[in-house]
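Asks: Build me a structure from this.
(chains A and B)
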Amino acid sequence: QQQVKQSPQSLIVQKGGISIINCAYENTAFDYFPWYQQFPGKGPALLIAIRPDVSEKKEGRFTISFNKSAKQFSLHIMDSQPGDSATYFCAASITQGGKLIFGQGTELSVKP
Amino acid sequence: KAGVTQTPRYLIKTRGQQVTLSCSPISGHRSVSWYQQTPGQGLQFLFEYFSETQRNKGNFPGRFSGRQFSNSRSEMNVSTLELGDSALYLCASSFRTDLNSPLHFGNGTRLTVT
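Replies: Alright, predicted model coming up:
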């Protein structure tokens, strides 16, 4: 019940295309859903986060869509660029806790 | 503002030894969390400290321990190292432990156990 399942494991997108990464969870107590971006040799960096009281949040080219009834959320990267090539992790946590449950990660490659 | 600093960046240890990793959080941050990252298991939560008290602990054996000092700096210790402990150990800090304080990760310590 503590798992967060992320798909796909890897993704290749052409420059200018839309990258879509999906995550699903079981624990309905989760109420904070961040996405992290990690480049080789670096630690994960917070990209964007959402709470279940909103269905969508957009920051620049990055959008989180959240479906509370389906217990799913996804990251959309519009106009994908080669510089977006990285590993993306979804995560979930319960309010007041510092413990993040991470998905397995998606390795995104944006081809020029 | 300096980010989360982890030292050392790389460590090579022998099975059975113990190791101590260090983390300096962002100035003003009082919460420090540790995560283990491996290709097979991904990112897994180890423990979290706030104001020198352990607030949360993951499902790791007692060989993994940590502590936080009064200046918020944190250390984690792994005793009796096993080959499976080879991983990237990440430290993350936040101002406090609520949703308004996102986690900021360091670049990790790469531990190799031979």
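Asks: hmm, who's touching whichever strand or helix holds A:A91?
Replies: In this structure, A:A91 sits in strand A:86-92 according to DSSP states H and E. By Cβ atoms under 8 Å, 6 or more residues apart in numbering or on different chains, the residues outside strand A:86-92 that reach it are A:4, A:6, A:21, A:23, A:25, A:27, A:30, A:32-39, A:44, A:47, A:73, A:75, A:100-103, A:105-108, B:42-43. Backbone N, C-alpha and C define where each C-beta goes, glycine included.
Asks: And that strand, how far out from the chain middle?
Replies: Once both centres are worked out by Cα atoms, centre = their mean, to the nearest Å, strand A:86-92 turns out to sit 5 Å from its chain's centre.
Asks: That strand pairs with which strands?
Replies: According to DSSP bridges, strand A:86-92 has the following sheet partners: strand A:33-38 (antiparallel), strand A:101-102 (antiparallel), strand A:106-111 (antiparallel).
Asks: can you put these in CSV and add mean neighbour count?
Replies: Shown next, in CSV, are those (neighbours: other Cβ atoms under 10 Å in any protein chain shown):
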stretch, mean neighbour count
strand A:33-38, 22
strand A:101-102, 22
strand A:106-111, 17
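Asks: Tell me which stretches of the chain form strands.
Replies: Picked chain A for this. Per DSSP state E, chain A carries strands over the ranges A:4-7, A:10-14, A:19-25, A:33-38, A:45-50, A:56-59, A:62-67, A:72-77, A:86-92, A:101-102, A:106-111.
Asks: could you do chain B instead?
Replies: The residue ranges that make up the strands of chain B, judged by DSSP E, are B:5-7, B:10-13, B:19-24, B:31-38, B:42-50, B:53-57, B:64-68, B:74-78, B:87-94, B:104-105, B:109-113.
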